[in-house]
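1. Quick one, structure for this:
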Amino acid sequence: MPATYQWNAADVGPHRDLLGDLQTADKDTVSPMTDRALRFGVYHSLLEFFHPLYMQDKANNFTTHTFVDKPAAELYDLVQRYEADLIWSDGAWEADSTYWNATDFLTWLVHNSTVKDHVVYNDRWGHDTKCRHGSFWTCQDRYDPDALQAHKWENACTIDQTSWEYNRDYLNVTSLVHTLVKVVALNGNLLLNIGPRADGTLDPIFVHRLTEMGDWLKVNGPAINSSQPWSVCQNETIKDKDDGSGAVDVYYASRDDIVYAILTSWPADNRLRLICPSATNETNVRMLGVPTDNSETTVSWNEPMAMVGGLDIQLPNLTPNLVPC
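-> Numbers count the residues shown, from 1 in each chain. Presented below is the predicted three-dimensional model:
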């Protein structure tokens, strides 16, 4: 005779406010990169694929609104209870923003909520709002424009090349850093997703990738954190050798009166010929992460021709003990 199990509601769930715990930990943490308190952001999916009320509205071509009160109540609760500074909305690709009553929530969010003075939100509030309405635009997963964007945007991607879940098709740290550099140069943010296992633990390869990126940012963070796209030039490809073979991709960022040129590969003979920058009497060139009082790490430069402009930079010979990251 089969065993009988009586279900008890008390057996369900973690018996703790997981989101509240995350909020507390987040807002009590200061970024070692910027010395500023972290902001608390939440992801929220508007749709539930197989919820019977959603399926009913979908069958009616979204002319009925029997489901939408549920996600709306969740969104208000996320802001009122947890004071989320960032709302990352998703799952609105099947219906438009009118069905989701997005205008009502966003109007309240930016005018009447407790976070109205600093909250930001993305553009996924209906299939008619993507790449059109939001503090920043995600447009599509792995959005990767090739030119400077006037509106703040975001590349939402994963360490795994194909999946948002736990998988084993990983990008290497070089690809991830190059993605970050390009995004920043073109006025974007990078959202890097990692998929946990079913028990909530992280695969060591994910931890390793994040640690490697952190090591790179410890040296090169000034070119990324709080920087802006350089208005003069965002990127250029430099001939790597006099015979025209090979190339070095360079991406630019700026902060205050500093311009950062970020290379995605090391030039031949340690010689870098930049075209976009022009020198002045106050120009100073140095490399992040290497001491300026060491003759072995000195960066020398000159202006090739006044009428042509540009900078001809001789990078240091970095032996393994001098490589900063």
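2. how about the helices of the chain, start to end?
-> Secondary structure of the chain (DSSP state H): helices located at 18-27, 52-59, 69-82, 102-111, 173-185, 204-220.
3. Show me which residues of the shortest one are buried.
-> By 16 or more other CB atoms under 10 Å, the buried positions in helix 52-59 come out as 54, 57, 58. Where C-beta positions appear, they are placed from N, C-alpha and C, glycine not excepted.
4. Same check on the last one?
-> Neighbour-count burial for helix 204-220, counted by 16+ other CB under 10 Å, picks out 206, 209, 210, 212, 213, 216, 217, 220.
5. Could you do the fifth one as well?
-> Using 16+ other CB under 10 Å as the burial criterion, the residues of helix 173-185 that qualify are 173, 176, 177, 178, 179, 180, 181, 182, 183, 184, 185.
6. Any figure for the gap between the second one and residue 19?
-> As judged by CB to CB, to the nearest Å, residue 176 and residue 19 stand 27 Å apart.
7. Repeat that for the fourth one.
-> Residue 178 sits 34 Å away from residue 19 when distances are taken as CB to CB.
8. Likewise for the third one?
-> Noted for residue 177: a distance of 31 Å to residue 19, by CB to CB.
9. pLDDT of stretch 209-216, averaged?
-> Averaging the model's pLDDT scores along stretch 209-216 yields 94.
10. Quick one: end-to-end distance for stretch 270-289.
-> In stretch 270-289, first residue to last residue: 16 Å (CA to CA, to the nearest Å).
11. and it, which residues are buried?
-> Across stretch 270-289, burial judged by 16+ other CB under 10 Å covers 272, 274, 275, 276, 277, 279, 285, 287, 289.
12. repeat for stretch 101-108
-> 101, 102, 105, 106.
13. burial of the closest residue to the second one other than its chain neighbours, as a residue count?
-> Same thing as residue 102. Take residue 102 and drop its neighbours on the chain: the residue closest to it by CB to CB, 6 or more residues apart in numbering is residue 125, 3.7 Å away. Using other CB atoms under 10 Å, residue 125 has 25 other residues around it.
14. do the one 3 residues further on as well
-> One way to gauge burial is a neighbour count; for residue 128, by other CB under 10 Å, it gives 13.
15. pLDDT wise, what is the residue nearest to the spatial centre of the chain at?
-> Central residue of the chain (CA atoms, centre = their mean): residue 190, 1.5 Å from the mean position. pLDDT recorded at residue 190 is 96.
16. what's the answer for residue 7, then?
-> pLDDT, residue 7: 62.
17. now residue 272
-> Reported pLDDT for residue 272: 88.
18. same deal with residue 321?
-> According to the prediction, residue 321 has pLDDT 80.
19. do you know how far it is from residue 156?
-> Counting by CB to CB - residue 321 and residue 156 are separated by 39 Å.
20. Could you list the low-confidence segments of the stretch 1-150 of the chain?
-> Across the stretch 1-150 of the chain, residues meeting the criterion (pLDDT under 70) sit at 1-7, 9.
21. can you pull out the strands in it?
-> Per DSSP state E, counting those that start in this stretch, the stretch 1-150 of the chain carries strands over the ranges 41-45, 86-90, 120-121.
22. In its sheet, which strands sit next to the last one, and in what direction?
-> Same thing as strand 120-121. Sheet pairing of strand 120-121 (DSSP bridges) gives strand 86-90 (parallel).
23. quick one: contacts of the strand it pairs with?
-> 39-46, 75, 78-79, 109, 119-122, 124-125, 191 (CB atoms under 8 Å, 6 or more residues apart in numbering).
24. Which of those are buried? Put it as a PyMOL command.
-> For the buried members of those, the matching PyMOL selection, counting by 16+ other CB under 10 Å, is:
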select buried, resi 40+41+42+46+75+78+79+109+119+120+121+122+124+125+191
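25. Run through the bridge partners of residue 314.
-> residue 271, residue 300.
26. looking at it, it is touching residue 270, isn't it?
-> Yes. The pair residue 314 / residue 270 is scored as a contact, 6.2 Å apart, by CB atoms under 8 Å.
27. what's the closest of the helices of the chain to residue 251?
-> Among those, the nearest to residue 251 by CB to CB is helix 173-185 (3.9 Å).
28. Now the closest one: average pLDDT?
-> For helix 173-185, the per-residue pLDDT averages 96.
29. what's it in contact with?
-> Against helix 173-185 from outside (CB under 8 Å, 6+ apart): 144, 148, 155, 157, 159, 189-190, 192, 209, 212-213, 216, 223-224, 227, 229-230, 234-235, 251-253, 262, 264.
30. what do you get for stretch 317-325?
-> Residues outside stretch 317-325 that contact it (CB under 8 Å, 6+ apart): 215-216, 218-220, 270, 288-290, 294, 296-297, 316.
31. Would you reformat the residues you listed as a markdown table and include distance to residue 168?
-> Converted to a markdown table, the contacts of stretch 317-325 look like this (distance: CB to CB, whole Å):
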| residue | distance to residue 168 |
| --- | --- |
| 215 | 23 |
| 216 | 23 |
| 218 | 28 |
| 219 | 29 |
| 220 | 29 |
| 270 | 38 |
| 288 | 34 |
| 289 | 32 |
| 290 | 37 |
| 294 | 43 |
| 296 | 42 |
| 297 | 39 |
| 316 | 39 |
